[in-house]
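**Student:** Sequence first, then the predicted structure:
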Amino acid sequence: MTAFTFVSNPFGTPSTPTTQDGWNPGSWQEHPAAQQPPWPDTAALDTVIDQLALLPPLVSAAESARLRAALGAAALGDGFLLQAGDCAESTGSFHADAVYNKVKVILQMSSVLAFGSGLPVVKVGRIAGQMAKPRSNPVEPVDGPSGPLLLPSYRGEMVNGSAPTPEARRPDPDRLLYAYYRSASSLNLLRMFTADGFATLDEVHAWNREHVAASADPRHAALLDDMDHVLRYLASRPGTQPGAPEQQGFDFFTSHEALILPYEQALTRWDHSGSAWHDASAHMAWIGERTRQLDGAHVEFAAGIDNPVGVKVGPTMEPEELLALCRRLDPTRDPGRLTLITRMGAGRIREALPPLVRAVRDAGYPVLWVCDPMHGNTIAGSGGLKTRRFNDIVDELRGFIEVHRQAGTHPGGVHLELTGEDVTECLGGTASEVLEENLSDRYETACDPRLNRSQALELSFIAAELLRK
Ligand SMILES: O=C[C@H](O)[C@H](O)COP(=O)(O)O
Ligand SMILES: C=C(OP(=O)(O)O)C(=O)O
Ligand SMILES: [Mn+2]
């Protein structure tokens with residue numbers, strides 16, 4: 001691991017405070033850090049980190065606190081989280097149209113989910129910083145210019161390039177600066193889109209009507225008709241305006257996996273008003289399934305920041321281990337602080353999730369339970385392309401809701417990999433079904449397969465039905 005110097009930053013205090021338990025933004029360096037790139041030039045990394053530490057925060061502690069409060073309400077049953085976006089942001093994701101279309105589809109889904117659940121939907125993008133990937137293997141086979149090659153794995157735009165050459169795959173610290181500026185530019189767009197209201201409720205509803213018209217499923221039409229009635233009722237009431245902006249102010253939040261710890265450290269700033277450390281790289285940070293070791297660097301880092309944090313929970317998690325994570329990450333049992341994002345696989349969720357839910361419930365941790373129905377359902381499709389079946393995704397979500405209904409806990413949200421574009425990365429869906437033979441038509445993801453616009457909307461209608469029952 002690199003030993004870079006932490007530079008005190010202009011937005012923080014000159015003497016970086018250490019909390020009672022010995023935490024400071026660099027204390028993770030005393031712990032084993034999984035999935036860190038093999039940076040070939042650590043002096044260059046140190047220089048970049050010093051530069052990053054002097055750059056402005058991307059988000060404010062007050063914004064993160066607002067998200068934390070909204071997640072707290074959801075954890076207590078009064079809200080539902082929709083967290084969604086690319087697996088890995090790459091060149092195409094930064095285009096204004098791509099950001100616009102992503103916000104648009106998330107807003108459409110959110111309106112359907114709010115109707116189905118009867119709850120406010122908290123909207124969080126995997127966006128403006130989701131550029132680092134943990135990988136199963138340090139090397140991967142690729143089609144090189146003159147035949148198959150084994151190269152270091154692509155680890156996201158923050159680390160290396162996806163081109164099939166050894167040069168591109170070399171981790172380059174300048175990419176951390178690139179990721180910072182890319183994040184700033186996406187955030188600027190998000191703030192622009194949401195400042196004056198992205199769309200009215202009527203407009204969002206009209207977009208959903210277009211989707212339903214193209215879809216063959218009569219149940220979705222019925223749900224939309226019910227929404228129509230409610231909107232007409234609202235329009236008839238004095239003082240209520242479905243024509244008012246649906247998305248006003250900055251309540252579209254950002255999140256990413258806090259994987260590359262030098263980057264996160266450099267953006268962690270002392271918040272004077274809250275007297276706490278805030279990771280200003282995103283409103284919410286999560287720890288991945290491959291880096292959630294109790295004594296590991298990622299858990300150490302997340303324990304000390306006051307952002308809302310998530311942890312991915314896969315099928316090998318044991319109840320005792322999960323309780324230890326809750327103790328470590330949410331010692332004061334503060335609703336909104338900790339989100340558990342389960343990703344079991346459709347075949348395993350019904351037996352793997354109940355003991356975990358019971359243990360956390362009985363221990364009294366007020367966590368927000370969220371379903372990631374993507375990462376446990378990845379399979380190899382035709383030509384070796386990674387894919388996921390839409391029906392498996394639906395089945396895992398159904399299992400998640402069933403388990404929580406049985407335990408008397410709140411199925412509090414969904415975490416998805418999706419795009420607003422018409423890509424062909426996941427199989428199935430009814431409005432425009434993606435077949436094995438179509439997979440390569442528009443397979444554009446930089447890492448994992450995403451739901452396309454129509455599949456994402458269809459999933460929101462199905463989820464709304466499930467939540468309504
Ligand atoms: O997005 C998540 C992980 O980075 C991804 O699922 C790992 O994929 P891999 O098994 O191809 O490395
Ligand atoms: C890496 C990811 O997931 P997980 O840690 O659950 O495998 C991801 O969300 O892209
Ligand atoms: Mn992924």
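**Tutor:** On my side now, so go ahead. Ligands and ions are numbered 1, 2, ... in the order given.
**Student:** Please identify the residues of this structure in proximity to ligand 1?
**Tutor:** 87, 133, 134, 135, 136, 375, 447, 448 (Cβ under 6 Å from any ligand atom). Heads up, the C-betas are built off the backbone N, CA and C, glycines and all.
**Student:** Dump the residues you listed into a markdown table; add distance to residue 80 and secondary structure as well.
**Tutor:** Output for the residues of the chain next to ligand 1, formatted as a markdown table (distance: Cβ to Cβ, whole Å; DSSP: H, G, I helix; E, B strand; the rest coil):
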| residue | distance to residue 80 | secondary structure |
| --- | --- | --- |
| 87 | 22 | coil |
| 133 | 27 | coil |
| 134 | 27 | coil |
| 135 | 31 | coil |
| 136 | 31 | coil |
| 375 | 20 | coil |
| 447 | 26 | coil |
| 448 | 23 | coil |
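**Student:** Could you identify the buried members of those residues?
**Tutor:** 87, 133, 134, 135, 375, 447, 448 (16 or more other Cβ atoms under 10 Å).
**Student:** so which of those residues would you say is closest to residue 57?
**Tutor:** residue 133 (24.0 Å; Cβ to Cβ).
**Student:** And that closest one, its phi and psi?
**Tutor:** phi -120, psi 130 (degrees, to the nearest 10).
**Student:** residue contacts, it?
**Tutor:** The neighbourhood of residue 133, defined by Cβ atoms under 8 Å, 6 or more residues apart in numbering, consists of 87, 88, 154, 155, 156, 159, 259, 447.
**Student:** Now do the closest residue in space to the first one that isn't next to it in sequence against residue 385, distance only.
**Tutor:** What that stands for is residue 87. Once its chain neighbours are removed from consideration, residue 87 has its nearest residue in residue 448; the separation is 3.7 Å (Cβ to Cβ, 6 or more residues apart in numbering). Between residue 448 and residue 385 the computed distance is 11 Å (Cβ to Cβ, to the nearest Å).
**Student:** Got a ChimeraX select line for the buried ones in the contacts of residue 133?
**Tutor:** Buried members of the contacts of residue 133, defined by 16+ other Cβ under 10 Å, are picked up in ChimeraX with:
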select :87,88,154,155,156,159,259,447
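**Student:** which residue does the stretch 151-300 of the chain bring closest to ligand 2?
**Tutor:** Ranked by Cβ to the nearest ligand atom, the top residue of the stretch 151-300 of the chain for proximity to ligand 2 is residue 288, at 3.1 Å.
**Student:** Residue 260 is in contact with that residue, correct?
**Tutor:** No - contact between residue 288 and residue 260 fails when scored by Cβ atoms under 8 Å: they sit 11.6 Å apart.
**Student:** out of these two, which sits in the more crowded spot?
**Tutor:** Neighbours were tallied for residue 288 and for residue 260 using other Cβ atoms under 10 Å; the higher tally belongs to residue 260 (27 against 22).
**Student:** Disregarding flanking residues, what is the spatial nearest neighbour of that one?
**Tutor:** The spatial neighbour of residue 260 that comes closest, neighbours along the chain excluded (Cβ to Cβ, 6+ apart), is residue 132 at 4.7 Å.
**Student:** Show the pLDDT at that neighbour.
**Tutor:** The predicted structure scores residue 132 at 98 on the pLDDT scale.
**Student:** can you confirm it is in a strand?
**Tutor:** No - with the criterion set as DSSP: H, G, I helix; E, B strand; the rest coil, the secondary structure at residue 132 is coil rather than a strand.
**Student:** My read is that it contacts residue 261, right?
**Tutor:** No - judged on Cβ under 8 Å, residue 132 makes no contact with residue 261 at a distance of 10.0 Å.
**Student:** Tell me where the model's unsure across the stretch 151-300 of the chain.
**Tutor:** In the predicted model, the stretch 151-300 of the chain carries no residue with pLDDT under 70.
**Student:** Now do the helices in it.
**Tutor:** Taking DSSP state H, counting those that start in this stretch to define them, one finds helices in the stretch 151-300 of the chain at 174-195, 201-214, 218-236, 261-266, 297-304.
**Student:** Name the residue closest to the centre of the chain, please.
**Tutor:** In the chain, the C-alpha nearest the mean C-alpha coordinate belongs to residue 126, at 3.9 Å (Cα atoms, centre = their mean).
**Student:** which residues does that one bridge with?
**Tutor:** Under the criterion DSSP bridges, residue 126 forms beta bridges with residue 85, residue 255.
**Student:** Which parts of stretch 301-321 count as buried, going by neighbours?
**Tutor:** Within stretch 301-321, the residues that qualify as buried by neighbour count (16+ other Cβ under 10 Å) are 301-315, 317, 321.
**Student:** phi, psi of the residue of the chain positioned farthest from its centre?
**Tutor:** The outermost residue of the chain, judged against the average C-alpha position, is residue 238 (38.4 Å), by Cα atoms, centre = their mean. With angles defined as degrees, to the nearest 10, residue 238 shows backbone torsions of phi -60, psi 140.
**Student:** and residue 455, what does it touch?
**Tutor:** 390, 418, 426, 428, 429, 431, 434.
**Student:** Quick one: residues contacting residue 360.
**Tutor:** Residues in contact with residue 360 (Cβ under 8 Å, 6+ apart) are 322, 323, 326, 340, 367.
**Student:** Using CSV, list the CA coordinates for whichever strand or helix holds it.
**Tutor:** In this structure, residue 360 sits in helix 349-363 according to DSSP states H and E. Extracted as CSV, the C-alpha positions of helix 349-363 are listed here (Å, rounded to 0.1, in the frame of the first residue of the first chain):
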residue,chain,number,x,y,z
ILE,A,349,-32.6,-15.2,-1.2
ARG,A,350,-35.5,-17.1,0.4
GLU,A,351,-33.2,-19.1,2.6
ALA,A,352,-30.2,-16.8,3.0
LEU,A,353,-32.0,-13.6,4.0
PRO,A,354,-34.4,-14.6,6.8
PRO,A,355,-31.7,-15.4,9.5
LEU,A,356,-30.0,-12.1,8.8
VAL,A,357,-33.2,-10.0,8.9
ARG,A,358,-34.2,-11.7,12.2
ALA,A,359,-30.8,-11.2,13.8
VAL,A,360,-30.7,-7.5,12.9
ARG,A,361,-34.4,-7.0,13.9
ASP,A,362,-34.0,-8.7,17.2
ALA,A,363,-30.8,-6.8,18.0
